[in-house]
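>>> dropping a prediction and its sequence here:
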Amino acid sequence: MADNVVTVVTGAGRGIGRAIALRMAKDTPVMVVGRTAADLRKVCAEIRAAGGIAMHCTGDVANITTARRCLEQIHRSKRVARHLVCNAGIAKGGDTHTFNPRLAEQMMRVNYTGAMNFAIACLPDLLAQRDGTICLMSSVLGVRGHKRETAYAATKHALVGMSRSLAHEYSRKGIKVVPLCPGFVESDMTQRSIDGLVRYRGISESEARAIIAASNASNRIIPAEEVAEMVARVCSGEQPVNGEPLLME
């Protein structure tokens, strides 16, 4: 393990972010970022119990001060950021003509602005090393639309556009960029989609789960650990990247 560099994972308190933090802690120290301190401390404890190094920074990714505090903490530990995984996100669907515009704005602030805040904060470290990775957790809805998901899809399309532009700007300076675009992954977010189908269609949970699984090309809900392993491959250079969407279905 390289002890002088850090992988930053936002939205790391649970779900996909937690899985990514646990996997990346096998390769580097990890800085986990999220809104709930208790969840972050639990993830850090798991990492340390497995022999890894972990730190945490609590705050709202949509606020640039959270990203700045995160980097200050890394630098105080005599380390630098090497990999950034922007996983923090919120999702809410619904008919567009009745959708709450404030909720649409909140999703854009967390899903897109939060990622931009951390990219801006981490890029100086990556540029100084002429090495590093920026992995933006987009979605299959970042490359195609879906009814009743207009606001969410817009935020995920924004991340794909952001990744493409970052790759053009920084790939010749040693920085790898990838928008990872998974389908439905085992997570609290997917469970909420299953619960919504149960309520909306009046079907059983097993029937709703089968419908969700069938929307993925693999006809299954993807384990969070598989997404984490793909992130590790991207960061290690095993998975070639150039800013274009990396689909996982």
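Perfect, I can see it now. Numbers count the residues shown, from 1 in each chain.

>>> could you measure from Gly174 over to Gln129?
Distance from Gly174 to Gln129, counting by CB to CB, to the nearest Å: 7 Å. Where you see a C-beta, it was placed from the backbone N, CA and C, and this is true even at glycine.

>>> right, and the helix or strand after the least confident helix or strand in the chain by mean pLDDT?
When each helix and strand of the chain is scored by mean pLDDT, DSSP states H and E, helix 188-201 comes last, with a mean of 88. Using DSSP states H and E, the helix or strand that follows helix 188-201 towards the C-terminus is helix 205-214.

>>> what sits closest to Ala62 if chain neighbours are left out?
What sits nearest to Ala62 in space, not counting adjacent residues and going by CB to CB, 6 or more residues apart in numbering, is Arg109, at 4.1 Å.

>>> quick check, the one you found in a helix?
Yes: under DSSP: H, G, I helix; E, B strand; the rest coil, Arg109 falls within a helix.

>>> and the strands in the protein, which stretches?
5-10, 30-34, 54-58, 80-86, 132-137, 175-182, 246-248 (DSSP state E).

>>> now distance to Arg199 and mean neighbour count too, for the ones you listed, in JSON lines please.
Output for the strands of the chain, formatted as JSON lines (distance: least, CB to CB, whole Å; neighbours: other CB atoms under 10 Å):
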{"stretch": "strand 5-10", "distance to Arg199": "30", "mean neighbour count": "28"}
{"stretch": "strand 30-34", "distance to Arg199": "28", "mean neighbour count": "28"}
{"stretch": "strand 54-58", "distance to Arg199": "33", "mean neighbour count": "21"}
{"stretch": "strand 80-86", "distance to Arg199": "31", "mean neighbour count": "26"}
{"stretch": "strand 132-137", "distance to Arg199": "27", "mean neighbour count": "26"}
{"stretch": "strand 175-182", "distance to Arg199": "24", "mean neighbour count": "25"}
{"stretch": "strand 246-248", "distance to Arg199": "28", "mean neighbour count": "18"}
